[in-house]
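> give me the fold of what follows.
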Amino acid sequence: MEGARVEPWTMQQTLAEAPVSMLPSERLLLYALVRGLRPRRSLEIGTLFGGSALIIGAALDEIGEGALICVDPEPQVSAENWRRVAHRATLLTARSPEVLATAQQTAGGRFDFVLIDGDHSHAGALRDINGTVPVLADRAYVIFHDAHFPEVASAIDAALQLHPELEDCGTLTADRQVDDAGLVWGGLRLLRFTRTGTAPAASLPAAASDNGSGDTAAALASIIGSTTGLGSPDARRAAEALLDPAAYPIDYLGRIREAWIQPDREFVAQLFQLLLGRAVDAPSSDAHCAALASGTSRLAMIRAIATAPEAAARGLPTAWLDRLATLAPGLEAAHASRPTRLVDRLARSARRALRLPWIIEQIHLLGTAQGRQIAEQDRRTQETTERVAALAHEQRLYMATTTSDWNAARGTFVDQQRTLEALRAEVESLAREVRTLTARLDEKK
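Below is the predicted model:
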């Protein structure tokens, strides 16, 4: 892979063209995390075509420092793409975890950031995690791709039981892909590592903010905002959730949103698993489904289960319930009827731009309200069009019935033409309003 260095891609080029099986939201989040965490030493397990290495390398180029060690037994990175990242990266053609000690030596120390996207079997993913723990620096972050894949998810859960030093920061992207066999892929899940016996430290390396205050949350929020398009309050919320994963050890809002769109019985089953940590028994399933059929709202059922003694006994947090209450109308509307094209577009735009689950729901709510406004404007436009057609018809009648008095008919015709032009101007004004509203919505991408 030797040769003249190729000019690195810009962030936009990298996110759009990097050869990696990641959704747009996953690419953005990976870039934003690396840029915000500012790791000195990064490790990638599973390089293949080098797409995620290009994304990490682009983020490191943006901050101007940091090295990347890539591990893959059979890499297929093109020479041109490797030259784009070779000034930052070293490729070890070997298997994990056997080569990880060598990777640490090559990097010159333990790793601050690790992307695991290698063997997707339960045993293989768990082996990669177990091998990674010894080479992690204190307060390091480990992110898994395809965290929705069942075997990867179960391996992560098993690793959390085996390694109390690992703290689950939750699944940060709700998007998923389903292949022809029905298998679910995608999803980025973040863990934080705290080496036993070390003194408490800041969650992230101090990233200098634009104003030089050293406020890590503000700096990360600025990075997330600039790379994803999120507004300041939402970017700040996302940054604080990353800095304090204890506040969101499980993404209850994202998981509830996914369950909400399911049929009643599957909805109940997922609630029991998420909130009570167990499978629902047949009598409980029947009783809850009957309650939903008789008019109990899904929000009321979630609140009842989340505040039940069984949930309290296992320490289930409930602060997220208030947030869910503000999202429930949009979720109910999405469940009750097929979303409008506008809401579909907003949701897709949100996912492309890394709107985290609670942000996606805000967009759904906005889309529902704005959709009603556009529907009302469409109705008014249709009424105006019908009025124009009626006047045109009356105009034709006048022409047919007033041939004996041409001058009078001509005067009436001119008046109607003026009325018609006024109505056409109203139609054009309404159309401009629709275009303006659509442009405002598109700006939220």
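> tell me the buried residues in stretch 75-84?
For stretch 75-84, a neighbour-count test (16 or more other C-beta atoms under 10 Å) marks Pro75, Val77, Asn81, Trp82, Arg83, Arg84 as buried. C-beta here means a position set from N, CA and C on the backbone, and glycine is covered the same way.
> now render those residues as CSV, adding distance to Leu423, pLDDT and secondary structure.
Listed next are these as CSV, based on distance: C-beta to C-beta, whole Å; pLDDT from 0 to 100; DSSP: H, G, I helix; E, B strand; the rest coil:
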residue, distance to Leu423, pLDDT, secondary structure
Pro75, 66, 93, coil
Val77, 63, 92, coil
Asn81, 59, 89, helix
Trp82, 64, 91, helix
Arg83, 63, 91, helix
Arg84, 59, 90, helix
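> distance to Ala422 for the residues you listed - can I get that in TSV?
Shown next, in TSV, are the buried residues of stretch 75-84 (distance: C-beta to C-beta, whole Å):
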residue	distance to Ala422
Pro75	69
Val77	65
Asn81	61
Trp82	66
Arg83	65
Arg84	60
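> which of those residues lies at the shortest distance from Arg189?
Of all the buried residues of stretch 75-84, Arg189 sits closest to Pro75, with 24.0 Å by C-beta to C-beta.
> measure that closest one to Thr90 for me?
Pro75 sits 12 Å away from Thr90, going by C-beta to C-beta, to the nearest Å.
> tell me the one among the buried residues of stretch 75-84 nearest to Val142.
Val142 lies nearest to Pro75 out of the buried residues of stretch 75-84, by C-beta to C-beta, at 20.9 Å.
> and the average pLDDT for the helix or strand hosting Ala217 is what?
Element membership for Ala217 (DSSP states H and E) is helix 216-228. When pLDDT is averaged over helix 216-228, the result is 67.
> sorry, back to before: ok, the buried residues of stretch 75-84 vs Ser121, which is closest?
Closest to Ser121 out of those is Pro75 (19.5 Å), distances taken as C-beta to C-beta.
> so the residue nearest to that closest one when sequence neighbours are not counted, which of the three states?
Excluding its sequence neighbours, the residue lying closest to Pro75 (C-beta to C-beta, 6 or more residues apart in numbering) is Thr47, at 4.9 Å. The three-state label for Thr47, taken from DSSP: H, G, I helix; E, B strand; the rest coil, comes out as coil.
> now Thr47: how far from Gly108?
For Thr47 relative to Gly108 (C-beta to C-beta), the value is 20 Å.
> more neighbours, these two?
Just comparing Thr47 and Gly108: by other C-beta atoms under 10 Å the higher neighbour count belongs to Thr47, 28 against 10.
> what residues are up against that one?
Ala53, Cys70, Val71, Asp72, Pro75, Val77, Leu91 (C-beta atoms under 8 Å, 6 or more residues apart in numbering).
> what about the residue nearest to His122 when sequence neighbours are not counted, which helix or strand?
Nearest residue to His122, sequence neighbours excluded (C-beta to C-beta, 6+ apart): Glu151, at 4.2 Å. In this assignment (DSSP H and E), Glu151 forms part of helix 150-162.
> mind listing residues that contact that helix?
Helix 150-162 is contacted by residues 120-126, 129-130, 144, 146-147, 166, 168, 183-184, 189, 191 when judged by C-beta under 8 Å, 6+ apart.
> out of the residues you listed, name the ones that lie in strands.
Using DSSP state E, the subset of the contacts of helix 150-162 located in strands is Phe144, Leu166, Asp168, Val184, Arg189, Leu191.
> among these, who's most crowded?
Phe144 (27 neighbours).
> which residues touch that residue?
Leu115, Ile116, Asp117, Ala125, Val152, Ile156, Leu188, Arg189, Leu190, Leu191.
> give the bridge partners for it, please.
On the basis of DSSP bridges, Phe144 is bridged to Ile116, Arg189.
> ok, now how distant is it from Glu44?
Relative to Glu44, Phe144 is positioned 12 Å away (C-beta to C-beta).
> closest to Thr102 among the buried residues of stretch 75-84?
Taking C-beta to C-beta as the measure, Thr102 lies nearest Pro75 of the buried residues of stretch 75-84, at 15.6 Å.
> for the closest one, what are its contacts?
Listed by C-beta under 8 Å, 6+ apart, the contact set of Pro75 reads Thr47, Leu48, Gly50, Leu91, Thr93.
> okay, now the last one: neighbour count?
What that stands for is Thr93. Count around Thr93 with other C-beta under 10 Å applied: 12.
> next one: the second one
By the criterion of other C-beta under 10 Å, Leu48 has 18 neighbours.
> contact partners for it?
Val20, Asp72, Pro75, Gln76, Val77.
> I'd say Arg176 and Trp185 touch.
Yes - assessed by C-beta atoms under 8 Å, Arg176 is found in contact with Trp185 at 6.7 Å.
> joint contacts of these two?
Residues within reach of Arg176 and of Trp185 at once, by C-beta under 8 Å, 6+ apart, are His148.
> Tyr141: neighbour count?
26.
> so how far is the helix or strand encompassing it off the chain centroid?
Element membership of Tyr141, judged by DSSP H and E, is strand 136-145. How far strand 136-145 lies from its chain's middle: 20 Å, per C-alpha atoms, centre = their mean, to the nearest Å.
> okay, buried residues for it please.
Leu136, Ala137, Arg139, Ala140, Tyr141, Val142, Ile143, Phe144, His145.
> number of residues surrounding the residue nearest to His122?
For Glu151, the neighbour count with other C-beta under 10 Å is 17.
> just the one 10 residues further on next, same as before
If you count neighbours by other C-beta under 10 Å, Gln161 ends up with 8.
> try Ala319
Counted with other C-beta under 10 Å, residues neighbouring Ala319 total 9.
> look up how far Trp9 lies from it.
Relative to Trp9, and taking C-beta to C-beta, Ala319 is found at 41 Å.
> how long is stretch 130-148 end to end?
By C-alpha to C-alpha, to the nearest Å, the extent of stretch 130-148 from end to end equals 20 Å.
> looks to me like Asp180 is in a strand.
No - assigned with three-state DSSP, Asp180 falls outside any strand and is coil.
> so where's the stretch 151-300 of the chain uncertain?
Flagging of the stretch 151-300 of the chain using pLDDT under 70 yields the residue ranges 174-175, 196-216, 223-231, 234, 237-251, 254.
> how does the protein divide into domains?
Following the assignment in automatic domain parsing, the chain carries domains at 11-201, 252-337, 363-442.
> so of those, which one's packed in deepest?
Stretch with highest mean neighbour count among the domains of the chain: domain 11-201 (a mean of 19; mean count of other C-beta atoms under 10 Å).
> what separates that one from the chain centre, distance-wise?
Mean-position distance between domain 11-201 and its chain equals 18 Å (C-alpha atoms, centre = their mean).
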